[in-house]
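1. Give me a model of this one.
(one chain, ligands or ions: 2)
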Amino acid sequence: MRYSKLLLPTTKEDPAEAEVVSHKLLLRAGFIRKLTAGVYSYLPLGLATLKKVSEIVRQEMNRADAQEILMPMVQQSDLWEESGRWNKYGAELLRFTDRHNRGFCLGPTHEEVITDLARRELKSYRQLPANLYQIQTKFRDEIRPRFGLMRGREFVMKDGYSFDIDDEGASLTYQKMYDAYHKVFKRCGLEFRAVEADTGSIGGSSSHEFMVLAQTGEDTLVICECCEYAANVEKAAVRVTAEKCLDVELQEMVEVETPGTKKVARVAEFLSVKTTDIIKTMIYLADGKPVAALVRGDRTVQPVKLKNILGAAEVDLLDDASAYDMTKLPVGYLGPVDLPLTVVADQEVMQMCNCVAGANKKGHHLTGVNPGRDFTPDVIGDLRQISTDDTCPSCDGTLRLTEGIEVGHIFKLGSVYSEAMNASFQDREGGEKPFVMGCYGIGVSRVIAAAIEQNHDKNGIIFPLPLAPFQVIVLNLGLKDSAITACADQIYSELLDQGIEVLLDDRDERPGSKFKDADLIGIPYRITVGKTFSKEGKVELRSRKDGQVESISHDSIVEHVVSLVSNELARTLS
Ligand code: ATP
Ligand code: MG
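-> Ligands and ions are numbered 1, 2, ... in the order given. All right, here's what the predicted structure looks like:
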């Protein structure tokens with residue numbers, strides 16, 4: 001492709017509407033243009049990258065015995081009533097009526113349509129397992145569409161669905177998809193981890209999310225520096241390593257005056273104790289009822305863990321004023337001894353002894369408090385957020401906190417949909433049995449945004465080679481010099497002959513603008529043909545990723561670049 005003929009409208013200024021790097025760069029680099037909130041057109045480079053991701057996904061799905069189909073985006077309400085989701089699915093489901101006043105929606109996901117297809121076409125165990133997928137535009141009327149391709153209302157998803165005869169078969173299929181997802185994201189050249197996930201509103205029993213590691217993301221993850229362990233901090237299990245202090249003589253519990261010490265750090269200073277000897281008491285509202293959560297003074301309560309331990313639908317931290325309004329207790333001086341509230345304690349608290357806790361009396365604390373002797377919590381569990389002081393639960397390695405962007409999600413669905421929609425097959429014995437299903441999504445368009453969040457610098461995008469819209473850009477810096485132009489044209493056409501995806505910058509622009517644009521759009525390899533060619537017959541090769549520059553003879557550059565590109569692609573495959 002010649003740049004002079006390409007619709008590639010780059011801009012210097014950061015667009016005001018964009019908050020995150022990927023959104024800014026996708027707009028600045030001329031990949032996408034907004035039509036309306038959360039709805040975008042893909043310009044040539046955006047589409048080229050989208051196709052790259054799609055093709056990797058397609059190849060790995062096919063290799064894992066999944067078959068590509070294409071289902072309708074418009075779906076009738078009857079199907080959604082059968083599954084019970086017509087009313088259950090929130091406002092993200094864009095519902096509308098046709099001219100006959102029949103209910104329809106735009107597909108946000110396709111469990112209903114595929115289950116309907118399966119009950120019609122898959123009649124016998126002989127046809128199973130079956131695994132069907134599509135790469136298609138989805139619509140979800142997100143409340144806050146933002147961040148460009150990261151959270152759109154219209155976006156491209158790969159969604160796949162599997163049908164097995166029993167749980168054992170479904171587990172094998174799940175594992176196959178789990179492995180295929182690893183291959184997909186590795187081939188995309190991304191740093192990612194699979195984490196255990198909640199199954200959410202889709203239902204089902206087991207689930208993993210695939211997270212691209214980046215500085216910005218909607219989830220916080222804890223990952224191990226030494227092994228593959230990764231978990232969402234909302235779920236990451238914490239092991240108790242501290243031993244219960246057995247040989248210590250238990251002190252008497254004494255009430256002491258501690259004016260102006262509402263915060264743990266102040267208490268520690270005032271009483272000259274360590275924060276690890278203090279029990280922190282936090283008041284949460286769990287489904288409308290105040291409860292007390294206890295953690296060691298230096299720890300943080302993880303609200304999702306609290307929610308799960310209590311089996312509550314919603315849990316919110318109460319500020320001091322609201323906590324006082326609801327309990328009439330001296331907030332800031334609360335502690336578990338004789339506290340008239342439900343008390344949930346982190347397991348680590350039970351290992352502590354001779355500690356300090358609020359006395360439930362303004363300006364007072366208790367010292368010599370001993371869990372078990374002086375108070376018994378209503379519930380004890382894993383309540384605190386994991387920290388980088390903890391070690392990896394699976395290998396004892398060092399942990400790191402990072403943000404994550406969900407690019408894929410796989411679920412074991414069981415027979416939730418097949419039972420609701422009467423989707424069954426004839427088993428070996430001739431009986432009717434519901435399919436055991438799984439579903440597997442990849443945010444194809446979100447992968448582009450995630451790749452940019454992970455790979456960029458102040459000058460622009462740094463595409464991993466497998467996702468780049470072009471692998472190589474050739475800059476002609478001497479448009480009016482016939483020898484330079486002939487050389488640039490020749491390199492361009494020889495690279496094309498070798499199957500390299502190459503862009504020739506043949507615009508009548510200053511070298512500075514050409515360099516800037518090449519950096520901005522993130523093409524992995526840049527070949528510059530300019531003055532050095534006239535003088536020495538050499539061209540310059542620069543890697544976008546590490547900025548390394550080599551001067552190479554014009555007649556060996558093609559061979560050199562072809563081998564660089566093929567070696568790098570081969571590495572993502574191995
Ligand atoms: P999220 O939690 O980010 O809202 P989800 O869990 O609702 O996503 P799934 O139903 O698991 O999404 O969809 C499969 C994949 O589709 C997700 O892993 C994500 O990569 C992608 N995806 C979901 N919603 C959007 C969106 N609004 N814009 C772009 N991609 C999305
Ligand atoms: Mg999800």
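2. Let me know the secondary structure of Glu209.
-> strand (DSSP: H, G, I helix; E, B strand; the rest coil).
3. swap that for Ser4, please
-> Going by three-state DSSP: Ser4 is helix.
4. Repeat that for the one 10 residues further on.
-> With three-state DSSP as the basis, Asp14 sits in coil.
5. Please identify which residue in the stretch 351-500 of the chain comes closest to ligand 1.
-> Gly443 (2.2 Å; CB to the nearest ligand atom). Yep, even glycine has a C-beta here, placed from its N, CA and C like the rest.
6. mind listing what that residue touches?
-> Counting by CB atoms under 8 Å, 6 or more residues apart in numbering, Gly443 makes contact with 155-157, 406-408.
7. try 6 Å this time
-> Applying CB atoms under 6 Å, 6 or more residues apart in numbering to Gly443 gives the contacts 157, 407.
8. For the residue in the stretch 251-400 of the chain positioned nearest to ligand 1, what is the enclosing helix or strand?
-> Closest residue of the stretch 251-400 of the chain to ligand 1, CB to the nearest ligand atom: Val304 (13.9 Å). Under the criterion of DSSP states H and E, Val304 resides in helix 303-310.
9. centre of the chain versus that helix, how much separation?
-> 22 Å (CA atoms, centre = their mean, to the nearest Å).
10. For the helix or strand just after it, which helices and strands make contact with it?
-> If you walk from helix 303-310 toward the C-terminus, the next helix or strand you reach (DSSP H and E) is strand 315-317. The contact analysis (3 or more CB pairs under 6 Å, 6 or more residues apart in numbering; DSSP states H and E) places strand 315-317 against strand 279-286, helix 303-310.
11. Which positions within strand 315-317 qualify as buried?
-> Val315 (16 or more other CB atoms under 10 Å).
12. Now find how far off-centre that strand is within its chain.
-> 24 Å.
13. List the contacts of it.
-> With CB under 6 Å, 6+ apart as the test, strand 315-317 has contacts from 284-286, 303, 306-307.
14. Turn these into a markdown table, columns for pLDDT and neighbour count.
-> Compiled in a markdown table, the contacts of strand 315-317 are given as follows (pLDDT from 0 to 100; neighbours: other CB atoms under 10 Å):
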| residue | pLDDT | neighbour count |
| --- | --- | --- |
| Tyr284 | 97 | 23 |
| Leu285 | 96 | 17 |
| Ala286 | 95 | 21 |
| Pro303 | 95 | 20 |
| Leu306 | 95 | 24 |
| Lys307 | 93 | 18 |
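15. ok, so of the residues you listed, who is nearest Arg373?
-> Leu306 (24.6 Å; CB to CB).
16. Enumerate every residue touching the closest residue to Phe463 other than its chain neighbours.
-> Closest residue to Phe463 apart from its sequence neighbours, by CB to CB, 6 or more residues apart in numbering: Gly522 at 4.2 Å. Going by CB under 6 Å, 6+ apart, Gly522 touches 460-463.
17. Those residues into CSV, with extra columns for neighbour count?
-> Shown next, in CSV, are the contacts of Gly522 (neighbours: other CB atoms under 10 Å):
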residue, neighbour count
Gly460, 23
Ile461, 28
Ile462, 21
Phe463, 25
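18. Could you identify the most distant pair in those residues?
-> Gly460 and Phe463 (9.7 Å).
19. burial count for Ala483?
-> 12 (other CB atoms under 10 Å).
20. hmm, who's touching the helix or strand hosting Glu112?
-> Using DSSP H and E, Glu112 sits within helix 111-121. Applying CB under 6 Å, 6+ apart, the contact partners of helix 111-121 are 71, 75, 79-80, 83, 161, 163, 417, 421, 423.
21. Can I get it as CSV, trimmed to CA atoms?
-> The C-alpha trace of helix 111-121 is given here as CSV (Å, rounded to 0.1, in the frame of the first residue of the first chain):
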residue,chain,number,x,y,z
GLU,A,111,-26.5,-18.5,24.1
GLU,A,112,-30.2,-18.5,23.2
VAL,A,113,-29.7,-18.6,19.4
ILE,A,114,-27.0,-21.3,19.5
THR,A,115,-29.1,-23.4,21.9
ASP,A,116,-32.0,-23.2,19.5
LEU,A,117,-29.8,-24.2,16.6
ALA,A,118,-28.4,-27.1,18.6
ARG,A,119,-31.8,-28.5,19.6
ARG,A,120,-32.7,-28.5,15.9
GLU,A,121,-29.5,-29.8,14.4
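22. for ligand 1, what are the nearby residues on this protein?
-> Within the chain, the positions adjacent to ligand 1 are 109, 140, 142, 151-152, 155, 157, 406-409, 441, 443, 445-446 by CB under 6 Å from any ligand atom.
23. A strand includes Lys24, no?
-> No - under the criterion used here (three-state DSSP), Lys24 is helix, not part of a strand.
24. Next, the contact list for it, please.
-> Applying CB under 6 Å, 6+ apart, the residues near Lys24 are 14, 18.
25. Next one: it from ligand 1, what distance?
-> 17 Å (CB to the nearest ligand atom, to the nearest Å).
26. Where does the spatially most central residue of the chain sit: helix, strand or coil?
-> With distances taken as CA atoms, centre = their mean, Glu406 lies nearest the centre of the chain, 1.8 Å away. Three-state call for Glu406 (three-state DSSP): strand.
27. Which of the helices or strands spans Leu496?
-> Using DSSP H and E, Leu496 falls in helix 482-497.
28. Let's test this: mean pLDDT of the helix or strand following that helix, rounded?
-> Going down the chain from helix 482-497, the next helix or strand is strand 502-505, by DSSP H and E. The pLDDT scores in strand 502-505 average 98.
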